Structures are given as structure tokens and as C-alpha cells.
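> turn this into a structure:
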Amino acid sequence: MLLQKLDTVIELLSGLRDTGCISGFTLIGGLAVSAWSTPRATRDIDLLILVDTDKLQQIVTAFCDAGLHAELRRGDYDDPVPYLIRADAVDLLIATKAYEAEAIRQSIAIDIAGKTVPVVSPEFLIILKLKAGGPQDLLDVEELLASGLVNRALLGELAARYKVALTQ
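Numbers count the residues shown, from 1 in each chain. Predicted coordinates for the structure are as follows:
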């Protein structure tokens, strides 16, 4: 079920990118962790998208037209997630920070169930997880570091650039 929904979402976002509505997107969250390490259970699909905020309603409309119940949520001034589009079991986080935009630009195309999906790199995924800082995020960081796929020199550079403390 989740993989079918991922397929639908990738098709939608690819179409929106091809028409210029969005600049790019990348898979983040539990599915991205599973792409780089031991698969883990997750109940939703998290993606980070690069889009001008004046086009957010177009995305909501496209998702609704595809049969998904989508809504735009705006956070308060100090909310770490200022814009979020929730569509059933899909969370589209809007990139508003430089490290988020770079994470999208540096994503890596991976085959997931026969579909090419841009997935955030392990190094940027760790940065995103450390910025989020929740208990599951920290467990995911440990899992990613144990995978042997992380370029630790690059991770150190990103952590310094984006002011993230690496805990060992």
C-alpha cells in the first residue's frame, strides 16, 4: 500500500517538476533511512520539496485531483516546519532553509520497487535528522552511521557549514 502511494506521489511530483511548478524533491524520513540501511517500519512517506510558496495551492490541487485528500498547513513564526502539505499518508515538507535546498539538489536517484526515486543522501539525511532531534531521528542517525555508507568527511563538512553538532 505504501509503495503504491509512493509511486503515485513520485508521478505527481515529477509532473509538477517537469511543468516548472516545483524545482525539485527528495525522499526523506523513514523510507529514506530504509533506502540506506536496515529497513524499518514507517507509516508515512516524507518528502522535501523545493517550491515557491505562491505555488503551494497548485500542489494541493494536483494531489486532490489525483484522489488524495491534501491540505496545506502553515506553522507559526517559530515553527520549525513553516509549511507542510499533508496528503493522506504523505507529508510534503517545504524547503525553506539553505541546507534543505542543497539536500534536494544533492539527492541520489535510487530504484525503489522498480521506480526511480530521488533520495536524500545519507549525509544530508543525518543533518536533517539531527536538526529534527526527535528520539526516532537520533536512532535513525545511529543506524545510518552503522551502515558504512556515510562519507564521514563530507558529513563533517556539512555539519560545520550548517552548524549541526555531531555526537559520537
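
> stretch 99-114 spans what distance, first to last residue?
Stretch 99-114 has an end-to-end distance of 29 Å (CA to CA, to the nearest Å).

> over to stretch 147-163?
End-to-end for stretch 147-163, by CA to CA: 24 Å.

> ok, and what's touching that stretch?
Contacts with stretch 147-163, where a contact means CB atoms under 8 Å, 6 or more residues apart in numbering, come from 36-38, 98-99, 122-124, 126-127, 130-131, 144, 164-166. C-betas here are computed from N, CA, C, even on glycine.

> longest helix anywhere in this protein?
helix 2-18 (DSSP state H).

> show me what the mean pLDDT comes to for that helix.
Averaged across helix 2-18, pLDDT comes to 93.

> just want the angle from the following helix or strand past it to helix 2-18.
Later in the chain than helix 2-18, the nearest helix or strand by DSSP states H and E is strand 24-28. With axes from the mean of the first three to the mean of the last three CA atoms, to 10 degrees defining the directions, strand 24-28 sits at 160 degrees from helix 2-18.

> ok, and what's touching the helix or strand that comes right after strand 24-28?
Next along the chain after strand 24-28, taking DSSP H and E as the criterion, comes helix 29-36. By CB under 8 Å, 6+ apart, the surrounding residues in contact with helix 29-36 are 2, 6, 26-27, 40-42, 44-47, 91, 110, 112, 119-120, 122, 125, 140, 143-144, 147, 149.

> now which of those residues would you call buried?
By the neighbour-count criterion of 16 or more other CB atoms under 10 Å, the contacts of helix 29-36 include these buried positions: 6, 26-27, 42, 45-47, 91, 112, 119-120, 122, 125, 140, 143-144.

> about what we covered before: tilt between the longest helix of the chain and helix 29-36?
Angle, helix 2-18 to helix 29-36, by the same axes, to 10 degrees: 100 degrees.

> which outside residues touch helix 2-18?
With CB under 8 Å, 6+ apart, helix 2-18 has contacts from 22-25, 27, 31, 42, 45, 47, 49, 58-59, 62-63, 66, 68, 87-90, 112-113, 115, 117.
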